[in-house]
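Engineer: turn this into a model:
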Amino acid sequence: MPRPDFPRTVLEFQRQFRTEETCLQYLIDSRWPERFVCPRCGWREAYWKAGRKLFQCKQCRYQTSVTAGTVLHRSKMPLPQWFWAAYLVTTHTPGLSALQFARQLGLHYETAFLMLHKLRAAMVRERRERLGGTVEADETYLGGERSGKRGRGALGKVLVAGAVEVRGKTMGRVRLRVIRSAAGEQLIGFVKADIEEGASVITDGWPGYSGLKAAGYKHVAKVEGEPARAMEILPHIHLIFSNLKTWLLGTHHGSVRKQHMQAYLNEFTFRFNRRRTPMAAFQTVLGLIDERLGPTYAGLYGIAKGGQEWAHPTPTRGADGSQPDT
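Structural biologist: You can find the predicted model right below:
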């Protein structure tokens, strides 16, 4: 039995998810499309504990909550409100700021901010497929005008490494990651983590990329000359950077804190890679495709351990072993 379909219009959404019970049934049908399977012993028969919204295995008596392992787990927010949140995030093309999100759902700003970050955490998964074929790679700085050095030595800004698959005149998937510096160790590390060995990687002439050939890649270095030529020799990744900056300024007014930047990059990546199938993201951000708990309030507002800008969520196994790419 296939997973249940997701709503494609606002009217369909309103009809399908009116109550807590209809949302709960959708969660059950999505997580166990064939029938419930005990995660401990694999038994297929269970008692339904309606008061606690969980299954109890008839074989080993292990109890499994319907929301366990999803962004909804232990949340006191009604399920219809979570469903509305997921629907807004996945169908509103440019995305929503926390302030817009709060107004749409009638929430306090802090609550909306946490919900958004939980949904963003579900947009990226561990061990996702790396980019392949021909890939353009470069870096850019994000942030307002600051005093200090320019270019790759700039101070007070967030440095982001990016890569995008080149498919003729079009683009495939993209990867974006906050890095500490433009040193070779950081750039090669980004490429190795996000691009398959043997791929053809096109970069500018920056020395930090000089170790790509030794790392197992077909490296094509194009010397820029004048900075204005950057768009000509690496048109695809520079278009990604331009769209990213426009999105951050337009939707979020450029007010993204450094420690949260990776979460926003994850959202941009998710939206870009699913730009042709936006509705397919609905189950993903609810956490029904993969187990993703998302960040806590303390984690969002506290100081990141070790001074890192963002700690990537660490999802575990999916409910059925299948995981869409991000």
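Engineer: which stretches of this protein form strands?
Structural biologist: For the chain, the strands defined by DSSP state E cover 46-49, 54-57, 63-65, 134-142, 158-167, 170-179, 200-204, 218-222.
Engineer: restricting to C-alpha, output stretch 185-204 in PDB.
Structural biologist: Taking Å, rounded to 0.1, in the frame of the first residue of the first chain, the C-alpha atoms of stretch 185-204 are listed here in PDB:
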ATOM      1  CA  GLU A 185      41.900  22.300   4.300                       C
ATOM      2  CA  GLN A 186      38.400  23.800   4.600                       C
ATOM      3  CA  LEU A 187      37.700  23.900   0.800                       C
ATOM      4  CA  ILE A 188      39.000  20.400   0.100                       C
ATOM      5  CA  GLY A 189      37.100  19.100   3.100                       C
ATOM      6  CA  PHE A 190      33.900  20.600   1.700                       C
ATOM      7  CA  VAL A 191      34.400  19.100  -1.700                       C
ATOM      8  CA  LYS A 192      35.200  15.600  -0.300                       C
ATOM      9  CA  ALA A 193      32.100  15.700   1.900                       C
ATOM     10  CA  ASP A 194      29.700  16.900  -0.800                       C
ATOM     11  CA  ILE A 195      31.100  15.800  -4.200                       C
ATOM     12  CA  GLU A 196      31.800  12.300  -5.400                       C
ATOM     13  CA  GLU A 197      35.400  11.300  -6.100                       C
ATOM     14  CA  GLY A 198      36.200  11.300  -9.800                       C
ATOM     15  CA  ALA A 199      33.800  14.200 -10.500                       C
ATOM     16  CA  SER A 200      35.000  17.100 -12.700                       C
ATOM     17  CA  VAL A 201      35.200  20.100 -10.400                       C
ATOM     18  CA  ILE A 202      35.400  23.600 -11.900                       C
ATOM     19  CA  THR A 203      36.800  26.400  -9.700                       C
ATOM     20  CA  ASP A 204      38.500  29.700 -10.100                       C
END
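Engineer: what's in contact with it?
Structural biologist: When contacts are defined by Cβ atoms under 8 Å, 6 or more residues apart in numbering, stretch 185-204 is touched by residues 130-139, 161, 163, 166, 175, 177, 179-180, 206, 208-209, 211-212, 215-224, 230, 233-234. Quick note: C-beta positions are derived from backbone N, CA and C, even for glycine.
Engineer: neighbours of Lys76, how many?
Structural biologist: 4 (other Cβ atoms under 10 Å).
Engineer: for Val178, see how far away it is.
Structural biologist: 32 Å (Cβ to Cβ, to the nearest Å).
Engineer: pLDDT score for the residue lying closest to Ala85 once chain neighbours are set aside?
Structural biologist: Take Ala85 and drop its neighbours on the chain: the residue closest to it by Cβ to Cβ, 6 or more residues apart in numbering is Met115, 5.5 Å away. Looking at Met115, its pLDDT is 90.
Engineer: many thanks, I have nothing further to ask.
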